[in-house]
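Novice: task: produce atomic coordinates for the following.
(one chain, ligands or ions: 1)
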Amino acid sequence: MNTDIVSYYKDRALEYEKIYSKPERQEDLKSSTAILQKIFANKQVLEIACGTGYWTERIAEKATSVLATDINETVIEVAKTKGLSTEQVSFEIADIYNFPAHDKFECLFGGFIWSHVLLQNLDEFLSTVNRLVKPGGTIVFMDNNYVEGSNHAITKTDDHGNTFQARKLEDDTTHLVLKNFPTEDFLRKKIKDIAGEIRFYNLKYYWIICCTTKAYNSNS
Ligand SMILES: C[S@@+](CC[C@H](N)C(=O)[O-])C[C@H]1O[C@@H](n2cnc3c(N)ncnc32)[C@H](O)[C@@H]1O
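Specialist: I've put the predicted structure just below:
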């Protein structure tokens with residue numbers, strides 16, 4: 001069974017957006033869109049792990065500009081078919097952990113990537129992400145709440161408490177996918193080192209955490 005998250009999303013590119021057709025999630029998707037559009041209105045946004053651009057398209061409706069990045073070219077190719085304004089939205093293949101040189105951004109959005117970071121790597125992930133954003137900027141993460149019957153069942157928990165799901169793609173390959181479901185309390189504790197003000201939105205199927213970034217030590 002494949003356990004590599006990057007190749008899993010590379011192979012899932014063409015079927016990825018079926019996840020956004022689940023009938024029970026439609027109300028939450030509308031609410032989340034409204035929350036994100038309000039936060040990012042008239043802002044310059046870096047999107048990490050943009051995937052097929054579902055949120056890129058929605059954020060771009062209100063943001064000044066979006067640089068949408070992902071490690072996988074296959075997902076970016078799907079995002080590019082959406083016909084988003086090339087003056088406002090640009091795409092770049094980029095690994096979060098080896099990010100190409102850019103000036104720091106006003107805002108950063110990471111949708112459904114937090115859950116795929118090992119618990120023991122979260123501090124490194126957050127400090128990496130924080131370095132991409134100006135002090136006093138905004139960082140937003142969104143991800144899933146676990147709702148029985150709507151999410152894949154958890155099939156494995158490791159010694160650190162990371163949880164995993166067995167998922168099948170349409171080509172019948174199976175993948176053991178890291179998928180953590182943090183509580184609000186855990187999210188707030190993890191993010192507090194980089195955050196000034198924190199806002200948390202808890203919907204039924206999704207959570208969104210938004211924080212302003214503190215000044216940081218470039219050696220950290
Ligand atoms: C669950 S998908 C989320 C896609 C999109 N943000 C959304 O919400 O629809 C996770 C994405 O993270 C990307 N990814 C995984 N590891 C990455 C890394 N190290 N750097 C950049 N992107 C990564 C995958 O290619 C995939 O597109």
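
Novice: contact residues of this protein facing the ligand?
Specialist: With Cβ under 6 Å from any ligand atom as the criterion, the chain comes near the ligand at residues 5-6, 9, 48-51, 54-55, 70-72, 75, 95-97, 111-113. Using the backbone N, CA and C atoms, a C-beta is placed for each residue, glycine as well.

Novice: now do 5 Å
Specialist: Residues of the chain that fall close to the ligand, judged by Cβ under 5 Å from any ligand atom: 9, 49, 51, 54, 70, 71, 72, 75, 95, 96, 111, 112.

Novice: which two from the residues you listed end up farthest apart in space?
Specialist: In the residues of the chain next to the ligand, the most distant members under the criterion Cβ to Cβ are 54 and 95, with 20.5 Å between them.

Novice: which one's more surrounded, these two?
Specialist: Here residue 54 and residue 95 are set side by side on neighbour count (other Cβ atoms under 10 Å), and the busier one is residue 54, at 20 against 14.

Novice: ramachandran angles for that one?
Specialist: When quoted as degrees, to the nearest 10, the phi and psi of residue 54 stand at phi -60, psi -50.

Novice: how much space separates it from residue 160?
Specialist: Distance, residue 54 to residue 160, by Cβ to Cβ, to the nearest Å: 30 Å.

Novice: next one: residue 99
Specialist: Distance from residue 99 to residue 160, counting by Cβ to Cβ: 25 Å.

Novice: again with residue 80
Specialist: Taking Cβ to Cβ as the measure, residue 80 falls 37 Å from residue 160.

Novice: counting neighbours, what do you get for the residue of the chain found nearest the ligand?
Specialist: For the chain, the residue positioned closest to the ligand under Cβ to the nearest ligand atom is residue 51, at a distance of 2.4 Å. Using other Cβ under 10 Å, residue 51 has 25 other residues around it.

Novice: ok, it - contacts?
Specialist: Residues in contact with residue 51 (Cβ atoms under 8 Å, 6 or more residues apart in numbering) are 9, 16, 70, 75, 79, 111, 112.
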